[in-house]
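> requesting a structural model of the entry that follows:
(one chain, ligands or ions: 1)
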Amino acid sequence: MMSKKGRVFSGARPTGRQHLGNYLGAIKNYVALQDDYDCIYCIVDLHALTTLDNTEDLKVCTYEMALDWLAAGIRPNDSIVFIQSHVPQVTELHTILSMVTPLGKLTDLPTFKEKVRMHPNNINYGLVGYPVLQAADITLYKANFVPVGIDQAPHIEFTREAVRSFNYHYHTDVLVEPQIKVTTVPKVLGIDGKEKMSKSLNNQIELAASPEETQARVMQMVTDPQRLRRSDPGNPDVCNVFSMHKIFSSSEEIQMVNVECRRAGIGCVDCKKLFAKNLNTDLMPFREKRTVLGQKPDNIWQILAEGDRRAIKIAEATMGEVRSAVGLP
Ligand code: SF4
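Residues are numbered from 1 along each chain as shown. Have a look, this model is predicted:
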């Protein structure tokens with residue numbers, strides 16, 4: 001990798017076909033960061049195991065997510081795109097970092113308590129050690145920056161503390177303390193207009209959906225709940241369709257909706273059709289590229305294998321230094 005402004009690391013669970021929330025919240029930023037940073041993007045399948053009961057879709061979800069990332073503009077010749085479990089050094093570093101991590105610190109984390117609340121029947125050791133594995137993910141590649149929304153910053157703070165603890169304990173400076181690269185992550189609501197867009201809530205609009213499927217999903221979007229009839233004036237400030245217009249429509253169209261909605265000059269059906277049209281236009285290049293890439297699935301796996309190889313090279317170099325610092329024979 002050529003050195004730019006530093007190395008960025010980010011990981012995402014293999015959730016299959018990506019949706020607008022994934023795109024606006026992460027992928028778009030991944031693509032943009034490539035211009036200024038050496039980027040490492042990891043599909044964190046081991047993290048997914050902590051809460052997955054059923055793993056039979058893991059492979060297809062990994063493939064579909066990688067396909068979406070590449071179609072969206074992640075450049076595998078510049079960035080490293082790889083699968084977490086294919087770099088076994090991460091589990092070794094996880095074990096070593098766990099020795100310098102107080103258990104109480106892990107069980108006190110709000111994220112652990114939240115996971116216990118969400119998965120009361122599956123409180124496994126992996127859930128407790130999740131932040132340590134995340135710290136291993138980041139530090140194995142000596143990442144300088146981790147892009148996260150402000151609400152995720154405490155997770156990276158844990159990694160920074162783990163690095164300080166390791167380096168202090170073993171009198172070394174082998175591990176690099178990553179900086180938090182605060183990123184503006186828009187909260188993208190699902191078509192229900194209430195919850196964050198999520199596959200598990202079935203409120204998503206998939207990037208790879210056909211134009212017809214996209215329009216059908218858009219037509220299901222919940223709008224201003226006070227606007228019951230076409231003749232009622234609406235309030236775009238509380239409408240998720242208008243939030244989307246602000247991202248995908250022209251300034252003239254945004255202005256028009258903002259004015260006409262308030263005086264019932266435009267109905268929700270026409271407003272949604274306009275948004276669907278603009279969304280489909282915006283996604284057309286992505287969809288065309290995805291179709292082409294998807295014709296050769298072996299190429300996608302080869303890209304990931306090449307990413308694995310490049311990641312392993314960096315990981316093994318780090319682990320050589322780590323083992324030496326720890327004093328392992
Ligand atoms: S006209 Fe558009 S912005 Fe206004 S409530 Fe309907 S969908 Fe929302």
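> give me the nearest residue to residue 290, chain neighbours excluded.
residue 71 (3.7 Å; CB to CB, 6 or more residues apart in numbering). Glycine gets a C-beta too; all of them are placed from N, C-alpha and C.
> do residue 29 as well
In space, residue 29 is closest to residue 183, 5.5 Å off (CB to CB, 6+ apart).
> right, and that neighbour touches residue 145 too?
No: under the criterion of CB atoms under 8 Å, residue 183 is not in contact with residue 145, lying 10.0 Å apart.
> who has more neighbours, those two?
residue 145 (21 against 17; other CB atoms under 10 Å).
> what's the separation between the more buried one and residue 99?
Distance, residue 145 to residue 99, using CB to CB, to the nearest Å: 26 Å.
> now do the helices in the protein.
20-22, 28-33, 45-49, 58-72, 89-98, 103-107, 110-118, 125-140, 153-169, 211-219, 240-248, 251-262, 268-294, 297-326 (DSSP state H).
> ok, residues contacting the shortest one?
Meaning helix 20-22. With contacts defined as CB atoms under 8 Å, 6 or more residues apart in numbering, helix 20-22 is touched by 12, 15, 68, 188, 190, 196, 197, 198, 204, 205, 207, 244.
> one more time with 6 Å, if that's ok
The contact list for helix 20-22 (CB atoms under 6 Å, 6 or more residues apart in numbering) reads 188, 197, 205.
> ramachandran coordinates for the first one?
Just to be clear, that refers to residue 188. Phi and psi for residue 188, reported as degrees, to the nearest 10, are phi -100, psi 110.
> list the contacts of it.
Contacts of residue 188 (CB under 6 Å, 6+ apart): 20, 21, 24, 197.
> could you dump those to JSON lines with pLDDT, distance to residue 107 and neighbour count?
What follows is those, written out as JSON lines (pLDDT from 0 to 100; distance: CB to CB, whole Å; neighbours: other CB atoms under 10 Å):
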{"residue": "20", "pLDDT": "97", "distance to residue 107": "35", "neighbour count": "24"}
{"residue": "21", "pLDDT": "95", "distance to residue 107": "30", "neighbour count": "21"}
{"residue": "24", "pLDDT": "94", "distance to residue 107": "34", "neighbour count": "18"}
{"residue": "197", "pLDDT": "95", "distance to residue 107": "31", "neighbour count": "22"}
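> how close does the nearest residue to residue 266 once chain neighbours are set aside get to the ligand?
With CB to CB, 6+ apart as the criterion, residue 266 has its nearest non-adjacent residue at 4.0 Å, and that residue is residue 260. According to CB to the nearest ligand atom, to the nearest Å, residue 260 stands 7 Å off from the ligand.
> which pLDDT does the model give residue 260?
Looking at residue 260, its pLDDT stands at 98.
> what's the answer for residue 191, then?
97.
> let me know how buried it is, in neighbour terms.
Around residue 191 there are 21 residues (other CB under 10 Å).
> what sits against it?
203, 217, 220, 221.
> for residue 70, same thing?
Residue 70 neighbours (CB under 6 Å, 6+ apart): residue 293.
> swap the cut-off to 10 Å and go again
Applying CB atoms under 10 Å, 6 or more residues apart in numbering to residue 70 gives the contacts 76, 81, 289, 290, 293, 294, 299, 300, 303, 304.
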